[in-house]
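Novice: Could you look at this predicted model? Sequence included:
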Amino acid sequence: MSLHGRDLISIRDLSREEIERVLSTAKKMIPYAEGTKVTHPLEDQIVAMGFFEPSTRTRLSFESAVLRLGGGCITIADASATSMRKGETLHDTIRMLSGYSDAIVIRHPNEGAARLAAQVSDKPVINAGDGAGQHPTQTLLDLATIAEAQGTLSGLRVVLLGDLKYGRTVHSLAHALALFGAEIVLISPPTLGLPEEVAEHLDRMGARVQTEAQLHRAVREADVLYVTRIQRERFGDEAEYDKVAGSYRIDNTVLAGAKPRLIVMHPLPRTGEIAPEVDASPHAAYFRQAFLGVPVRMALLSLTLGPKGG
Amino acid sequence: MIDHIGNGLALEVLRIIGVRELDKDSTVSVALHVRSQKMGWKDIVKVENMELSPRKVNAIALIAPTASISIIRDFKVREKRSVDLPDRIVGVVRCPNPNCITNRGEPVESELEVARRRPVVLRCVYCERQVDEFLSHLL
């Protein structure tokens, strides 16, 4: 199905074929994202950035994507500077934004806000993260990073490490990996395991999922090591946090037994989960992952807003 | 008459019906913990001069999926049907996620889709949170 004029709220809105189309378009967008080639499929189009909570990476990469495609942006970067502070509902703010633009990118602290925006807006809405809910463009750029490094998404062994309970990126990524038949290995502190409903969903999809306790053993067999942040506020006891966080830290010693083509990913910002010494190793893929946010978002915007059939 | 209500759930059904709002000249009969061949134990509720709105039927279907509704006129059963859970339930159950946009004062009704039927599990259309306990979230 064409993505033209469609909303993207959850990764579940996309079929495997549609994800593949976004990723193949993103690959072609790389030289345009780097600025070595020029394209303007969004000329004369305006994309509204409704960022109702702080974001650096996501907002800047979306703005960069729009500008690289020749479009223009209007941006709410701080909700406290809008009429919402005066009590205006999101519903009314989105109605207003959809009148001013050709598409809306929304980030909001409440789960479900993007779905509401999509119902209210007569222009396409792209979810750039709603509370602890969905963040589909993060999943797409994660997949683009894996596909670029490994040449495929199928048959890979992907280790998801860290906070698997509250980390929204891993839930969406696990769904997408299951679509492509990857083998998923879970490592987390006992209190931060995958929520039951996510595990059940993966099970219904027929995903191959296993839990592993030994980090070294999981790393040895892995093609991808996806590390997430373990947040201090999830632990009542500071000492307990330090102990848990320390046991999941990735450094060159942990990576010593890894396959040569293993990539280490992280949605960033990191807070000590990956030692800086790993940055220089060929395994480090997290800065490339952050860069790929631009061509992936360019691909999505051009397929959604560009000439039909994009 | 609402028959085959799960044992001990009749008072919840009365709450859904809005028994306090009924005319005082409508007789309401309640039978709790009745022996049943089919269910072992069941509850029964009988209310005179009342029609159930689709929204109330949906709410009953959620908490008492085994229930059947009979319309009785002139001492005869004129119509009998089991409650049927639709694929989407609007304005009946509040999403239990306090951070869901439907709980933040927006002009929007709660909307949940059926994720599983036995036992019933709903999923919020907005925040995608699953709900498997409805009594404390009925609107």
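Specialist: Received the coordinates, thanks.

Novice: Now do the same contact list for the residue of the stretch 101-250 of chain A found nearest chain B.
Specialist: With C-beta to the nearest C-beta as the measure, A:Gly112 is the residue of the stretch 101-250 of chain A nearest to chain B, at 2.8 Å. To be clear about C-beta, it is placed using only N, CA and C from the backbone, and glycine gets the same treatment. For A:Gly112, the contact set (C-beta atoms under 8 Å, 6 or more residues apart in numbering or on different chains) comprises A:130-131, A:133, B:95, B:100-102, B:124-128.

Novice: What is the burial count for residue 76?
Specialist: Unless you meant another one, I'm taking chain A. Using other C-beta atoms under 10 Å in any protein chain shown, A:Ile76 has 18 neighbouring residues.

Novice: hmm, I had chain B in mind actually
Specialist: Look at B:Lys76: counted by other C-beta under 10 Å, it has 8 neighbours.

Novice: filter the contacts of A:Gly112 to the buried ones?
Specialist: Buried subset of the contacts of A:Gly112 (neighbour count, 16 or more other C-beta atoms under 10 Å in any protein chain shown): A:130-131, A:133, B:95, B:100-102, B:124-128.

Novice: Spell out which residues belonging to chain B are near chain A, please.
Specialist: B:95, B:97, B:99-102, B:104-108, B:124-130 (C-beta under 8 Å from any C-beta of the partner chain).

Novice: one more time with 10 Å
Specialist: Contact residues, chain B versus chain A (C-beta under 10 Å from any C-beta of the partner chain): B:95, B:97-108, B:111, B:115-116, B:121, B:123-130, B:132.

Novice: Using neighbour counts, pick out the buried residues of the helix or strand containing A:Val296.
Specialist: In the assignment (DSSP states H and E), A:Val296 maps to helix A:286-305. Neighbour-count burial for helix A:286-305 flags A:286, A:289-305 (criterion: 16+ other C-beta under 10 Å).

Novice: my read: A:Val227 touches A:Thr271, true?
Specialist: No. Using C-beta atoms under 10 Å, A:Val227 is not in contact with A:Thr271, being 11.1 Å away.

Novice: Settle it for me: which of those two has more neighbours?
Specialist: When neighbours are counted by other C-beta under 10 Å, A:Val227 and A:Thr271 differ, and A:Val227 comes out ahead with 22 against 11.

Novice: got the residues of the stretch 1-150 of chain A near chain B?
Specialist: Taking C-beta under 10 Å from any C-beta, the part of the stretch 1-150 of chain A that reaches chain B is made up of A:9-10, A:12, A:87, A:89-92, A:108-117, A:119-120, A:130-134.

Novice: make it 7 Å
Specialist: A:10, A:89-91, A:110-113, A:115-116, A:131, A:133 (C-beta under 7 Å from any C-beta of the partner chain).

Novice: Just give me the neighbour total for A:Glu111.
Specialist: Applying other C-beta under 10 Å, I find that A:Glu111 has 27 neighbouring residues.

Novice: Without its sequence neighbours, what residue ends up closest to B:Glu111?
Specialist: The shortest distance from B:Glu111 to any non-neighbouring residue, by C-beta to C-beta, 6 or more residues apart in numbering or on different chains, is to B:Val125 (4.4 Å).
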